[in-house]
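In: Model the structure of this input:
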Amino acid sequence: MTDGVQRAPDAAGTAAAPAAQPAAAQAAAAHGSHAGEAVLSVFRGDAKGGAEVEYRVPVEPGMVVLDAIHWIQAHQAPDLAVRWNCKAAKCGSCSAEVNGKPALMCKSRLEHFPPGKPISVRPMKTFPVIRDLVTDVSWNYEINRKIRPFAPRPGAEWRWQQHDIDRAQEFRKCIECFLCQDVCHVLRTHELKHQFAGPRFFVRIAGLEMHPIDGADRSEFLRDQAGLGLCNITKCCTEVCPEQIHITDNAIIPLKERVVDRFYDPVMKLWRMVIGRE
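Out: Numbers count the residues shown, from 1 in each chain. Presented below is the predicted three-dimensional model:
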């Protein structure tokens, strides 16, 4: 290219010539009037590498980034790969990084971005890229299989108070978008997947540990395999959670306290010896 701008690839994967831009404008005009135009700089590539490609999209009121991606698929790049399902912020499928921040594309309104500036849309950095905006998140399910499932205490009465339900109900809202996993610096920057389970699974374990009739002890797993001690409670996971789960305050910190009580508090250790639970 002589103008230094990378053009959107066509359906065959080849770079479109500058003359193709009026065709895109004609396509936009054919779909009625619009409030303006947005420029999306979308990552195109795979595990071997890639680059951001700019697309111009007509904007209608209320549009979100996922709408713009769908418009690009329909009119400019039908081979653009993206994962999505419900478009209602409940399936967790359309996770990406919008202007560098992990977010659901279906909750990222175009009107909230600075006008006239390109909106960068990239795949989640923490996970391997499969193609374009689609990443391989299978590692998360490997971690999930290692967690001891719900195990009721022998003879437990299957009845509990509302405050017991309220305590753990928050954790059930998780939609497994893995944005918290993506933003966590232990996984994102230090790449310690072999030592650290990540905030999503601390949320799951907290829900199990705080269940009023669960009798399993996951403290050793949290300390030795899940790497709970590596979390330095920066609350970045809480900031990106689309369900407003207080991951750090309500899940991670209480789990840290349980691990400390179980392994490092001499008074608690003595008490367990007295009552015969050591």
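
In: I'd like the distance between the closest residue in space to residue 144 that isn't next to it in sequence and residue 223.
Out: Nearest non-adjacent residue to residue 144, counting by C-beta to C-beta, 6 or more residues apart in numbering: residue 201, 6.6 Å away. Every residue, glycine included, has its C-beta placed from N, CA and C. Computed as C-beta to C-beta, to the nearest Å, the residue 201 to residue 223 distance reads 14 Å.

In: more crowded one of those two?
Out: residue 201 (22 against 19; other C-beta atoms under 10 Å).

In: contacts for the host helix or strand of that one?
Out: Residue 201 is part of helix 199-209, with elements assigned from DSSP states H and E. Residues from elsewhere that reach helix 199-209 (C-beta atoms under 8 Å, 6 or more residues apart in numbering): 140, 143-144, 147-150, 168, 171-172, 174, 176, 178, 180-181, 184, 214, 216, 218, 221-222, 226, 228, 231, 237, 245, 247-248, 250-252, 254-255, 258.

In: helix/strand/coil for residue 258?
Out: With DSSP: H, G, I helix; E, B strand; the rest coil as the basis, residue 258 sits in helix.

In: okay, now residue 189: neighbour count?
Out: When neighbours are counted by other C-beta under 10 Å, residue 189 comes out with 10.

In: quick one: low-confidence parts of the chain?
Out: Scanning the chain with the threshold set as pLDDT under 70 gives 1-35, 268, 271-272, 276-278.

In: Which residue ranges of it form strands?
Out: 36-46, 49-59, 95-98, 101-104, 119-122, 129-131, 134-135 (DSSP state E).

In: Residue 101 contacts residue 240, doesn't it?
Out: Yes. Assessed by C-beta atoms under 8 Å, residue 101 is found in contact with residue 240 at 7.1 Å.

In: Compare those two (neighbour count), which wins?
Out: The neighbour comparison of residue 101 against residue 240 (other C-beta under 10 Å) goes to residue 240, with 21 against 14.

In: thought the more buried one was touching residue 178?
Out: No. At 10.2 Å, residue 240 does not count as touching residue 178 under the criterion of C-beta under 8 Å.

In: Find residues that contact each of the two.
Out: With C-beta under 8 Å, 6+ apart applied, the contact sets of residue 240 and residue 178 do not overlap.

In: quick one: contacts for the residue nearest the centre of the chain?
Out: Closest residue to the average C-alpha location of the chain: residue 179 at 1.8 Å, with C-alpha atoms, centre = their mean. Applying C-beta under 8 Å, 6+ apart, we find residue 179 in contact with 95, 102-104, 124, 240-242.

In: will you turn these into TSV that also has distance to residue 52?
Out: Formatted as TSV, the contacts of residue 179 follow (distance: C-beta to C-beta, whole Å):
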residue	distance to residue 52
95	18
102	17
103	17
104	20
124	15
240	21
241	26
242	24
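
In: From these, pick the one nearest residue 82.
Out: Each of those was scored against residue 82 by C-beta to C-beta, and residue 95 proved nearest at 10.5 Å.

In: which residue sits closest to that closest one, ignoring its sequence neighbours?
Out: Nearest to residue 95 is residue 177, by C-beta to C-beta, 6+ apart, at 4.7 Å.

In: distance of the one you found from residue 102?
Out: Taking C-beta to C-beta, one finds residue 177 at 9 Å from residue 102.

In: Name the residues contacting each of the two.
Out: residue 95.

In: Let me see the contact set for residue 237.
Out: By C-beta under 8 Å, 6+ apart, residue 237 lies in contact with 180, 183-184, 199, 247-248.

In: ok, so what distance separates residue 178 from residue 157?
Out: According to C-beta to C-beta, residue 178 stands 36 Å off from residue 157.

In: Could you pull out the helices in this structure for me?
Out: In chain order, the chain shows helices spanning 21-30, 65-75, 138-146, 162-169, 179-183, 185-188, 199-209, 219-224, 236-240, 253-263, 266-275, with DSSP state H as the criterion.
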